[in-house]
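1. Predicted model, plus sequence, below.
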Amino acid sequence: MKSFITLCTATFLLLMSGCGNEDSPKGEKNTPGNSAALFFDTLYNENDLSKASTMATPKMARIMNSYGTSKQFARNLVNMQYDDVVIEVDMTNMSLREQYGDTANINLIFTGHFNGNKVDDMRSVKMVRKKGNWYVDKINADPFAR
């Protein structure tokens, strides 16, 4: 009987290991666009400020941690609030040169909901490559904000 339970448990674990998170960012892992999308996904969908701060430069991480929570940081510095959001990289101005340099400006499109209303927005971030990894260095000011 124990071997039957062990066999059933092993089969269940094997089947469940094939199930992955379908909402995780897709595409090449170490690109500036994917790193920026993952940063904001961690900030908005996972609400994990400490994990998001590991994806930022030390200066940006200090600023982020001074806000205390991901919601406070998103509301005050990023100036966007969402209950749930889908983040896409805007590929219209993308250049392959950015992937071979050490800095890149990435435009992100945010589509989500806040308090039952649909909210669409766009932000630009400056990315910096250090030791082969891309980090968020600056969230550029919204040129259309008042």
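-> Right, received. Where do you want to start? As the structure is a computational prediction, the values presented were derived from the model and not from experiment.
2. quick one, helices of the protein?
-> If you assign secondary structure with DSSP state H, the helices in the chain sit at 2-17, 32-44, 49-53, 58-66, 70-73, 97-100.
3. I'd like to know which elements the longest strand along the chain is packed against.
-> With residue count as the measure and DSSP state E as the assignment, the chain has strand 117-130 as its longest strand. Taking 3 or more Cβ pairs under 8 Å, 6 or more residues apart in numbering; DSSP states H and E as contact, the helices and strands that strand 117-130 lies on are helix 32-44, strand 103-114, strand 133-139. Any C-beta I mention is one placed from the backbone N, CA and C, and that applies to glycine too.
4. so of the ones you listed, which one's packed in deepest?
-> Scoring the helices and strands packed on strand 117-130 by mean neighbour count under mean count of other Cβ atoms under 10 Å gives helix 32-44 as the most buried, with a mean of 23.
5. ok now that helix, how far from the chain's centre?
-> The offset between the C-alpha centroid of helix 32-44 and the centroid of the whole chain comes to 2 Å, using Cα atoms, centre = their mean, to the nearest Å.
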